[in-house]
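Undergrad: when you get a sec, could you give me coordinates for this:
(one chain, ligands or ions: 1)
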Amino acid sequence: MPFRITPTSAPLGAIVWGLDVDGISADEATELYQAFLTYGVLAFRGSTLDQRQHVALSAVFGENVMHPITITIDMQEPAIIVMSANGGEAADADDPGADELVGVIPWHSDMSYTEVPTRGAMLRAVTLPDEGGDTAFVDTARVYRLLPDAMKAKIRDLRILHSYNKANPAQTMVKADQDLFPDVIHPLVYEHPELGLPVLNISPNSAKAILGLPEGEARELLDHLIAFACRDEEAYVHVWEPGDLLLWDNWRTIHQACGHPKRCKRVVHRTTLHSDLKLGEFVSA
Ligand SMILES: [Fe+2]
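TA: Predicted coordinates:
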């Protein structure tokens, strides 16, 4: 039976139902890639996949590459990183911190603190928590489009400083050494190479400063743009079901890991797609 693609009721995202991953034709691969571009986020449901199939499905959308934060790599399959909180374990129910929220990664686009943020990524549910663990997305091409014309004109040629050292402390899932990546400067607005649409390059978790304006005004503008981007009504919130895979276009979305109680275990595997869109330059360059 052929797969079906159903848009979500949110401003972005679609569900792909019943895909036979081992039998994807060239025409179907084209259809899936087009859906990836159209909806920004694809959730694959009803086709429980193993690790090999995950890697193969991810390769339909680009070249799988190793994640640069190597502590998380699955040594059996270098295209996969293993993401979990609390060391991949559930806290005992009588642990005083059992209800504490873990696994949170605030709103961001992946690797926004590098010169070349990733093209996209695909998550596979391995162990889901009994409660929480949602992943939320916002379409940052749409966010830009929704800005008033005067704001578009104001920000069109500004630049933004993205900082790994700002992003890293807020994460409780993938945490690496401070100073692993130097700060980078990106355009605040860039054009999506395949969609031809302007995108607001906001990635709140790493966005440290807007350049080209007086400091107070820049701070106010950054706070305003973050608040405008991260509105509940703009988000697609993926509530995971067993076997789900989740793919996103990292060039035109931001996402957040909403976290789950420490007494629950959550493990997801992720592939990362190669990007050839160089957005940034090092501050010292
Ligand atoms: Fe992410």
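Undergrad: C-alpha only now, for contacts and for neighbours.
TA: Noted.
Undergrad: quick check: pLDDT value at the nearest residue to Leu49 once chain neighbours are set aside.
TA: Nearest non-adjacent residue to Leu49, counting by C-alpha to C-alpha, 6 or more residues apart in numbering: Gly243, 6.7 Å away. Looking at Gly243, its pLDDT reads 95.
Undergrad: Arg124 is in contact with Gly243, correct?
TA: Yes - between Gly243 and Arg124 there is a contact at 7.1 Å, judged by C-alpha atoms under 8 Å.
Undergrad: between these two, who's got more neighbours?
TA: Using other C-alpha atoms under 10 Å, the more surrounded residue of Gly243 and Arg124 is Arg124, with 27 against 17.
Undergrad: lowest mean pLDDT among the helices and strands of the protein, which one is it?
TA: Lowest by mean pLDDT, DSSP states H and E among the helices and strands of the chain is strand 73-74, with a mean of 76.
Undergrad: packing partners of the next helix or strand after it?
TA: Next along the chain after strand 73-74, taking DSSP states H and E as the criterion, comes strand 77-84. Contacts defined by 3 or more C-alpha pairs under 8 Å, 6 or more residues apart in numbering; DSSP states H and E place strand 77-84 against strand 73-74, strand 267-273.
Undergrad: among the ones you listed, which is the most enclosed?
TA: strand 267-273 (a mean of 23; mean count of other C-alpha atoms under 10 Å).
Undergrad: quick check: buried residues in the helix or strand where Leu222 lies?
TA: Per DSSP H and E: Leu222 is located in helix 215-229. Neighbour-count burial for helix 215-229, counted by 16 or more other C-alpha atoms under 10 Å, picks out Ala218, Leu221, Leu222, Leu225, Ile226, Ala229.
Undergrad: try stretch 57-75
TA: 57-67, 72-74.
Undergrad: pull the CA atoms of it into PDB?
TA: Extracted in PDB, the C-alpha atoms of stretch 57-75 (Å, rounded to 0.1, in the frame of the first residue of the first chain):
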ATOM      1  CA  LEU A  57      15.600   6.700   5.300                       C
ATOM      2  CA  SER A  58      17.700   9.700   6.400                       C
ATOM      3  CA  ALA A  59      19.900   9.300   3.300                       C
ATOM      4  CA  VAL A  60      16.800   9.900   1.100                       C
ATOM      5  CA  PHE A  61      17.000  13.600   2.200                       C
ATOM      6  CA  GLY A  62      20.800  14.200   2.100                       C
ATOM      7  CA  GLU A  63      24.200  12.900   3.000                       C
ATOM      8  CA  ASN A  64      24.400  11.500   6.600                       C
ATOM      9  CA  VAL A  65      27.400  13.000   8.400                       C
ATOM     10  CA  MET A  66      29.000  12.500  11.800                       C
ATOM     11  CA  HIS A  67      28.000  14.900  14.500                       C
ATOM     12  CA  PRO A  68      30.900  17.100  15.500                       C
ATOM     13  CA  ILE A  69      30.100  16.600  19.200                       C
ATOM     14  CA  THR A  70      31.700  13.100  19.200                       C
ATOM     15  CA  ILE A  71      30.900  12.100  22.800                       C
ATOM     16  CA  THR A  72      27.400  11.200  21.700                       C
ATOM     17  CA  ILE A  73      28.200   9.100  18.700                       C
ATOM     18  CA  ASP A  74      27.200   5.500  18.500                       C
ATOM     19  CA  MET A  75      30.500   3.700  17.800                       C
END
